[in-house]
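> can't give you the sequence, but here's the structure:
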């Protein structure tokens with residue numbers, strides 16, 4: 001799929017290879033036998049979380065940071081620009097991981113392959129279906145129990161287990177109408193509470 005190097009609306013200091021604004025998720029040469037190209041879009045939750053990290057660099061400065069379900073790599077790039085000691089970005093889609101590396105190069109930051117135990121875990125827009133939310137909740141709870149600080153950006157996709165989180169702040173994020181059927185979404189930044197409860201009891 002073709003993409004265009006574009007400044008991200010809420011974080012214009014970062015540019016990404018993104019789909020054209022008129023394109024939706026399932027347009028172009030989308031193949032139903034492969035995952036949709038989530039990584040070609042700067043989702044609202046990720047934009048909000050990236051903005052928060054850039055505005056509050058003390059959250060990641062000098063720390064090992066893991067960006068899960070990285071997509072385009074936006075949040076990982078923001079963490080690197082904010083002074084993280086090392087940043088790793090993971091995604092179940094190999095094409096997303098490759099896109100994140102390409103976008104990091106464009107923004108003149110490096111993503112690490114392995115950082116060991118992270119100090120901070122970041123996740124943007126990862127609660128968009130019940131099944132994915134269950135998996136991500138388990139992953140994030142495990143990181144929190146291991147001592148990591150966990151921050152997520154969510155644009156009210158409907159599956160975030162809010163009782164596990166504390167509200168930090170929120171942003172009004174410009175989004176492509178072709179993608180979201182609206183021109184703005186509210187991205188809320190949440191921090192996971194210090195809890196030892198089992199993820200299966202909190203969905």
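Here it is on my side, so go on. Values in this document were obtained by computation on a predicted structure and should not be read as measured data. Residues are numbered from 1 along each chain as shown.
> Which SSE is immediately downstream of the helix-or-strand element of the chain with minimal mean pLDDT?
Using mean pLDDT, DSSP states H and E, helix 177-180 stands out as the lowest-scoring helix or strand of the chain, at a mean of 86. The element immediately downstream of helix 177-180 (helix or strand, assigned by DSSP states H and E) is strand 184-192.
> For that following strand, name the packing helices and strands.
helix 44-55, helix 130-145, strand 149-154, strand 165-174 (3 or more CB pairs under 8 Å, 6 or more residues apart in numbering; DSSP states H and E). Where C-beta positions appear, they are placed from N, C-alpha and C, glycine not excepted.
> In what element of secondary structure is residue 159 found?
Using DSSP H and E, residue 159 falls outside every helix and strand.
> And for it, the neighbour number?
Per other CB atoms under 10 Å, the neighbour tally for residue 159 reads 18.
> What pLDDT is listed against residue 30?
pLDDT recorded at residue 30 is 47.
> scratch that, residue 181 is what I was asking about
pLDDT, residue 181: 88.
> Now for it: which residues touch it?
Residue 181 makes contact with no residue, according to CB atoms under 8 Å, 6 or more residues apart in numbering.
> quick one, phi/psi of it?
The phi/psi pair for residue 181 (degrees, to the nearest 10) reads phi 60, psi 30.
> With that, I have no additional questions.
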